[in-house]
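Peer 1: just the structure for this:
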Amino acid sequence: MARHNSRLSVATRNLCLALGFALVQTALRAQPTGFVIRDIRVEGAQRADVGTVFGYLPLRVGDRYDPTKGVAAIQALYASGLFKDVRLDADGDVLVVVVEERPAVASIELAGMHAFDKDQVNKSLKEVGLAQGRIYDRSLLERAEQELKRQYLSNGRYGVKITTTVSPLERNRVAITISIDEGEVARIREIRFTGNHAFSDSELLDQLELSTPGWLTWYTGHDKYARQKLQADEETLRSFYLARGYLDFHIESTQVSISPDKQDIHITINLLEGERYRVSGVKLAGELLGLDDELSKLIDVKPGEIYNGERINNIAKAVTDRLSVLGYAFANANPVPDANKEKREVAFTILVDPGRRAYVRHVNIAGNTRTRDEVIRREIRQFESGWYDSEKVKLSRDRVDRLGFFEKVEVETPAVPGTQDQVDVNVTVKERPTGTIQAGLGYSSTEHLVISGSYTQQNVLGTGHAIGVQVNTSTATRTIALSHQDPYVTIDGVSRSEEIYRRDSNLAKLGLATVDLGTTGGTLRWGVPFTEFDTVFFGVGVESTDITLTAASPFRYIDYVNRFGSSAAALLGTVGWSRDSRDNILTPQRGRYQRAFLELGTPVLDLEYYKLTYQYQQFQPLTNKFTLAFNGQAGYGGGYGDKEYPLFKNFYVGGIGSVRGFEAGSLGPRDANGDPLGGVKELNGSMEALVTLPGADRSLRGLTFLDAGNVWGVGEAVRFADLRAAVGIGVAWISPIGPLKVSIAEPIKHQSIDRIQRFQFQIGTGF
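Peer 2: Sure thing, here's the model as predicted:
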């Protein structure tokens, strides 16, 4: 077959040469045998200037013309691609070059294209030479047409029809119209397996992304055939079998057939499972750099275990990861199997080649259109001219991502060309809007109508500073607050934040008590980091609270005002600690967050109390799109000296942010009127399973949850039997108008006096 193609290729080339020679002979039919060129005249050029023609013409004034040079001249002009006809004539001893230009492309229209981005397609056409202003070449257009058809077919659109129209225009131009009838994407009607004995068809189908039509496939599109998806599913099947001991597994063939109407796809995957193997041993070999004992501890597979290809590869990766921390950026660990088919056992030797130790030449920042380089560089923990350390590179990526300024943060470490021991660290970011101006209406299932206006900027002029002006009013709460934060007061990362605020709350409209509270205050706080993840906070503040009673106010508030007055001022001291290893502060997928905080009302003014809170969050990714999240919070408050703990500092539990399915703040002790009292002790927690919705990024995730919690009053013991609990589903979205969280919950542990609220949502406020 190859020899036949070779003969065909030679014949085609000879034919082209013969045709070309015939054209040249025709073009030279009127030429004399030779003369000295006194002048050269160009005729027929319209867009191309004379200088361009002379640039390609190998003849000059003073040269002696002969037919051989004429052939070379015509070939050179044809080779430029600018002309579709070239002829040489003589006017005495003047050489006349007569050309007919190829038309130029005036426009390219892609009609009927919806499956692909037109701008990207036009960009691809331009890269191959087919674009507005370029010389029209029919062969390029045919190639583009075939490539477009190939792309549609690979996306399952087998009924696609592409029609190309070339319309002549004035001034030797053409308009190109590529009309596309995309047709419908072929749907998968059947997926069959042959050769599978260890696992049923249904078990294997569960591993695939492709599927037959179902009740959700209208949204997921998993029943739409695409070659790339099928190839990915084939790799998934290989990983599935290798993870279960089938060392010899392979896919013998895959047949894809399409119905005559090109609407239905039938897929048959032919498997060869082979036998199931056990591991007889795993050892390391090669250059271990004296780390034999340390690297051997990374082997977590014991002899006799079922072979698992993923675990073997994870051992190799753990070895290279450990070496990369020591600067060996190009380390390689290759598992080599030695199978005993009779015993159905396989031994692995992991050959280790650390390569040369590498250091970092440059740390390059790209993609930051607003954020200053220094704001990103101060988060980088891998230094230039230092030994490469993969853990420091990963930490750098996470710290930049935790800034919250970027939609995407990517870090690459390419080798420096021409060297064997240098890498660059390239940090590429994609900016996200960090400033918002809002004025409008919102609604909360707790606070009902909310009129708000705010200006926040988390990255002022690209410096990393944050400022905020917030005005929020509803039937239940009113807030005016001004804030500023400088995350790097010193080069060591000491931060400082300031805030002044006025908050008014109508507790009756929050369903708590017939009391109005007004609080005015200001705080100044510093944060001092002492590890990469740990920060200590301390600060001071002044706060004044006014209590306004009515005839319907609860006795506990009347009694408090009678004993301590309707106005109370406090000089606050605060101290706290946080540890944050999350990969992103807005939509975390992995990492941990802990925070302990003490608020102390000092004896200098009216209030003498302490309020302790502790929060713990854990995020564990199971796949790229599926994350488990755990959140727990505990609180305790009390008075000291001869002062009581102020009622308006009580903890409240219930609603979004604590225990969904119950009215906000409604859990815990109640007064004689049935209104919630809040408590001095708080305990609540939740477990969520978050999944990125198909076709979306991490800013839009569905979730299921289990919440539990309660509060206890003075003198009450914390008892787990008192906890309320609910399960439910919901959606979390970082929307353009603010964070949105919607939940539908069903209480599974409650009492008859509890206030149930199954549907809850918030928009425009944090959660």
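
Peer 1: how about I176, nearest residue that isn't a chain neighbour?
Peer 2: Counting by C-beta to C-beta, 6 or more residues apart in numbering, I176 lies nearest to I108, which is 4.8 Å off, once chain neighbours are set aside. Placement of C-beta: from N, CA and C, glycine included.

Peer 1: now do the strands in the stretch 401-550 of the chain.
Peer 2: Secondary structure of the stretch 401-550 of the chain (DSSP state E, counting those that start in this stretch): strands located at 406-412, 422-431, 435-444, 448-457, 466-474, 477-486, 495-506, 515-529, 534-549.

Peer 1: okay, and for the chain, where does confidence drop off?
Peer 2: In the predicted model of the chain, residues 1-33, 47-48, 435-455, 472-477, 507-514, 552, 672, 695, 735-739, 762-767 satisfy pLDDT under 70.

Peer 1: what residue in it is the furthest from its centre?
Peer 2: The centre of the chain is farthest from one residue, G92, which by C-alpha atoms, centre = their mean lies 72.6 Å away.

Peer 1: for that residue, what are its contacts?
Peer 2: R38 (C-beta atoms under 8 Å, 6 or more residues apart in numbering).

Peer 1: please report phi then psi for it.
Peer 2: Dihedral pair for G92: phi 70, psi -130, per degrees, to the nearest 10.

Peer 1: quick check: the gap between the residue lying closest to G678 once chain neighbours are set aside and G601.
Peer 2: Spatial nearest neighbour of G678, chain neighbours left out: N650 (3.0 Å); criterion: C-beta to C-beta, 6+ apart. As judged by C-beta to C-beta, to the nearest Å, N650 and G601 stand 14 Å apart.

Peer 1: so what's R64 bridging to?
Peer 2: Counting by DSSP bridges, R64 is bridged to V36.

Peer 1: just checking, it touches D93?
Peer 2: No. Assessed by C-beta atoms under 8 Å, R64 is found out of contact with D93, at 10.4 Å.

Peer 1: which residues do these two both contact?
Peer 2: Counting by C-beta under 8 Å, 6+ apart, the common neighbours of R64 and D93 are 35-37.

Peer 1: make a ChimeraX selection of the buried ones in those.
Peer 2: Applied in ChimeraX, the following selects the buried portion of the shared contacts of R64 and D93 according to 16 or more other C-beta atoms under 10 Å:
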select :37
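
Peer 1: just the shared contacts of R64 and D93 now: which is nearest Y557?
Peer 2: Within the shared contacts of R64 and D93, the smallest distance to Y557 is 110.6 Å, found for I37 (C-beta to C-beta).

Peer 1: next one: phi and psi at that closest one?
Peer 2: Main-chain dihedrals, I37, degrees, to the nearest 10: phi -80, psi 110.

Peer 1: hang on, isn't it packed against D66?
Peer 2: No. The criterion here is C-beta under 8 Å, and I37 misses it with D66 at 10.7 Å.

Peer 1: closest one to I744 among the strands of the stretch 401-550 of the chain?
Peer 2: Nearest of the strands of the stretch 401-550 of the chain (C-beta to C-beta): strand 435-444, 16.0 Å.

Peer 1: buried stuff in stretch 520-537?
Peer 2: Buried residues in stretch 520-537, counted by 16+ other C-beta under 10 Å: 520-521, 523, 525, 527, 533, 535, 537.

Peer 1: whoops, I mixed them up, stretch 601-620
Peer 2: 601, 606-611, 613-614, 616-619.

Peer 1: and for stretch 270-277?
Peer 2: So stretch 270-277, judged by 16+ other C-beta under 10 Å, has buried residues 271, 273-274, 276-277.

Peer 1: now swap in stretch 428-435 and tell me
Peer 2: Applying a neighbour-count criterion of 16+ other C-beta under 10 Å, one finds 429, 431, 434 buried in stretch 428-435.

Peer 1: beta partners for V711?
Peer 2: E682.

Peer 1: now it: how far from D264?
Peer 2: 60 Å.

Peer 1: looking at those two, which is more packed in?
Peer 2: Neighbours were counted for V711 and for D264 using other C-beta atoms under 10 Å; V711 has more, 27 against 15.

Peer 1: the more buried one touches E682, doesn't it?
Peer 2: Yes. Look at V711 against E682 with C-beta under 8 Å: they come within range, at 5.0 Å.

Peer 1: which neighbours do these two have in common?
Peer 2: Counting by C-beta under 8 Å, 6+ apart, the common neighbours of V711 and E682 are 651, 653.

Peer 1: how about the helix or strand harbouring V105: buried residues?
Peer 2: According to DSSP states H and E, V105 maps onto strand 104-111. Going by neighbour count (16+ other C-beta under 10 Å), the buried part of strand 104-111 is 104-106, 108, 110.

Peer 1: for that strand, name the packing helices and strands.
Peer 2: Packing partners of strand 104-111 (3 or more C-beta pairs under 8 Å, 6 or more residues apart in numbering; DSSP states H and E): helix 118-127, strand 173-181.

Peer 1: quick one, it and strand 173-181 angle?
Peer 2: Angle, strand 104-111 to strand 173-181, by axes from the mean of the first three to the mean of the last three C-alpha atoms, to 10 degrees: 20 degrees.

Peer 1: what angle sits between strand 104-111 and helix 118-127?
Peer 2: Using the same axes, to 10 degrees, strand 104-111 lies at 150 degrees relative to helix 118-127.

Peer 1: got the strands of the stretch 401-550 of the chain as a markdown table, with distance to D559 columns?
Peer 2: Putting the strands of the stretch 401-550 of the chain into a markdown table (distance: least, C-beta to C-beta, whole Å) gives the following:
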| stretch | distance to D559 |
| --- | --- |
| strand 406-412 | 53 |
| strand 422-431 | 55 |
| strand 435-444 | 31 |
| strand 448-457 | 30 |
| strand 466-474 | 29 |
| strand 477-486 | 25 |
| strand 495-506 | 20 |
| strand 515-529 | 12 |
| strand 534-549 | 11 |
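
Peer 1: export the strand holding V105 to CSV, keeping only CA atoms.
Peer 2: The C-alpha trace of strand 104-111 is given here as CSV (Å, rounded to 0.1, in the frame of the first residue of the first chain):
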residue,chain,number,x,y,z
ALA,A,104,-8.1,39.8,-2.3
VAL,A,105,-10.4,38.7,0.4
ALA,A,106,-12.8,41.5,1.2
SER,A,107,-14.8,39.7,3.9
ILE,A,108,-15.5,36.3,5.5
GLU,A,109,-18.9,35.5,6.9
LEU,A,110,-19.7,32.5,9.0
ALA,A,111,-23.4,32.0,8.6
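
Peer 1: ok, and what's touching that strand?
Peer 2: 47, 118, 121-122, 125, 130-136, 169, 172-180.

Peer 1: and those residues, which are buried?
Peer 2: Buried among these by 16+ other C-beta under 10 Å: 121-122, 125, 130, 134-136, 173-176, 178, 180.

Peer 1: of those residues, which is the nearest to E294?
Peer 2: Closest to E294, out of all of the buried ones among the contacts of strand 104-111 and judged by C-beta to C-beta, is V121, at 53.0 Å.

Peer 1: so what's the closest one closest to, chain neighbours aside?
Peer 2: Closest residue to V121 apart from its sequence neighbours, by C-beta to C-beta, 6+ apart: L110 at 6.2 Å.

Peer 1: identify the bridge partners of that neighbour.
Peer 2: When assigned by DSSP bridges, L110 has beta-bridge partners I178.

Peer 1: so how far is L148 from it?
Peer 2: Distance, L110 to L148, by C-beta to C-beta: 9 Å.

Peer 1: again, but for D642
Peer 2: 84 Å.

Peer 1: same deal with A90?
Peer 2: Counting by C-beta to C-beta, the gap from A90 to L148 is 47 Å.

Peer 1: between the buried residues of stretch 428-435, which is nearest L667?
Peer 2: Each of the buried residues of stretch 428-435 was scored against L667 by C-beta to C-beta, and T434 proved nearest at 36.2 Å.
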